[in-house]
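K.L.:
after the sequence you'll find the predicted model.
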Amino acid sequence: DEAKEAHDREVVRSVRQQAIEAAWEANITMTGPQEREALGMFPKIAGLARKLHDSPTLQDKFEKTVIFKRGEDAQKRRLDRRVPTRWNSDFACLTAHLYFKDEVQIFTSISEHGLRDYALTTAQWKLAEHLVPVLELFNDLTNVFSQAEVPLVYDVVPMLESLEHSLDRVYNATEEPAVVRIAAKAALQIVGKYYALTDDNEVYRIAI
């Protein structure tokens, strides 16, 4: 649905801008180049996985690179793709990319593959490493919510509280890159929005 996609993009832009402004007031700022590096990271990661998936020839060459680096016993030989309808696919896509960091760097550096535009910069590799633990917070919850018959109604609010506390720790962690802290702030705003909606739902209150 194009209308829904346009609405979602506008919501994301609005939340991101609000988070940037809130972080700025807390003296957490990122430069223009840092923002561009961050925004350009996932298109490269997801794009490379899609390229390999869509090209049996490239996929075969990548698997041979994996075997060369890890041996014939290597069980995992493919990059995970990002699937928009799967909430935790970003996490899987990112962790696979980091898992195959050496192979990806070798593969994208070979000119005949035509994949140099998908090569991450040094800063993007570092950012990816910082981002994994944050996305893992959402991955764990997604796995729980994906199970049949769980969570129960009275489990939801404690889960939101736990997520909120974890994101707050990321936001206040001075060792984290500014862009990760700002992203955590944006996530906190969304969590807070849905947390507040529980006040309007009698089922939650009765269950608790």
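P.N.:
In hand now; what should we look at?

K.L.:
now do residue 163 against residue 19, distance only.
P.N.:
With the distance defined as Cβ to Cβ, to the nearest Å, residue 163 ends up 16 Å from residue 19. All C-beta spots, glycine's among them, are computed from the backbone N, C-alpha and C.

K.L.:
compare those two (neighbour count), which wins?
P.N.:
Comparing residue 163 with residue 19 by other Cβ atoms under 10 Å, the one with more neighbours is residue 19, at 22 against 18.

K.L.:
so what's the more buried one up against?
P.N.:
Contact partners of residue 19, counting by Cβ atoms under 8 Å, 6 or more residues apart in numbering, are 182, 183, 185, 186, 189.

K.L.:
before we move on, what SS does the last one have?
P.N.:
Translated: residue 189. Of the three states, residue 189 takes helix under DSSP: H, G, I helix; E, B strand; the rest coil.

K.L.:
report how many residues lie close to the residue lying closest to it once chain neighbours are set aside.
P.N.:
Nearest non-adjacent residue to residue 189, counting by Cβ to Cβ, 6 or more residues apart in numbering: residue 15, 5.8 Å away. By other Cβ under 10 Å, 16 other residues sit near residue 15.

K.L.:
do residue 159 as well
P.N.:
Residue 159: 14 neighbours (other Cβ under 10 Å).

K.L.:
my guess is it meets residue 143, correct?
P.N.:
No - assessed by Cβ atoms under 8 Å, residue 159 is found out of contact with residue 143, at 11.9 Å.

K.L.:
quick one: contacts for the nearest residue to residue 100 once chain neighbours are set aside?
P.N.:
Closest residue in space to residue 100, ignoring its immediate chain neighbours: residue 79 at 6.4 Å, by Cβ to Cβ, 6+ apart. By Cβ under 8 Å, 6+ apart, the contact list for residue 79 reads 48, 49, 52, 53, 62, 93, 96, 97, 100, 104.

K.L.:
so where's this structure uncertain?
P.N.:
1-12, 148, 150-154, 197-208 (pLDDT under 70).

K.L.:
helices along that one, start to end?
P.N.:
2-25, 32-54, 56-70, 89-99, 101-109, 122-145, 153-171, 178-197, 202-207 (DSSP state H).

K.L.:
report the distance from stretch 155-171 to the chain centre.
P.N.:
17 Å (Cα atoms, centre = their mean, to the nearest Å).

K.L.:
CA atoms of stretch 125-143 as CSV?
P.N.:
This file holds the C-alpha atoms of stretch 125-143, laid out as CSV (Å, rounded to 0.1, in the frame of the first residue of the first chain):
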residue,chain,number,x,y,z
TRP,A,125,31.5,-1.5,10.6
LYS,A,126,32.0,0.0,14.0
LEU,A,127,28.5,1.3,14.1
ALA,A,128,27.1,-2.1,13.2
GLU,A,129,29.0,-3.7,16.1
HIS,A,130,27.4,-1.1,18.5
LEU,A,131,23.9,-1.6,17.0
VAL,A,132,23.7,-5.4,17.4
PRO,A,133,23.1,-5.4,21.2
VAL,A,134,20.4,-2.7,20.7
LEU,A,135,18.5,-4.6,18.0
GLU,A,136,18.9,-7.7,20.1
LEU,A,137,16.5,-6.1,22.7
PHE,A,138,13.8,-6.1,20.0
ASN,A,139,14.7,-9.4,18.6
ASP,A,140,14.2,-11.1,22.0
LEU,A,141,10.8,-9.6,22.4
THR,A,142,9.8,-10.3,18.8
ASN,A,143,10.6,-14.0,19.4
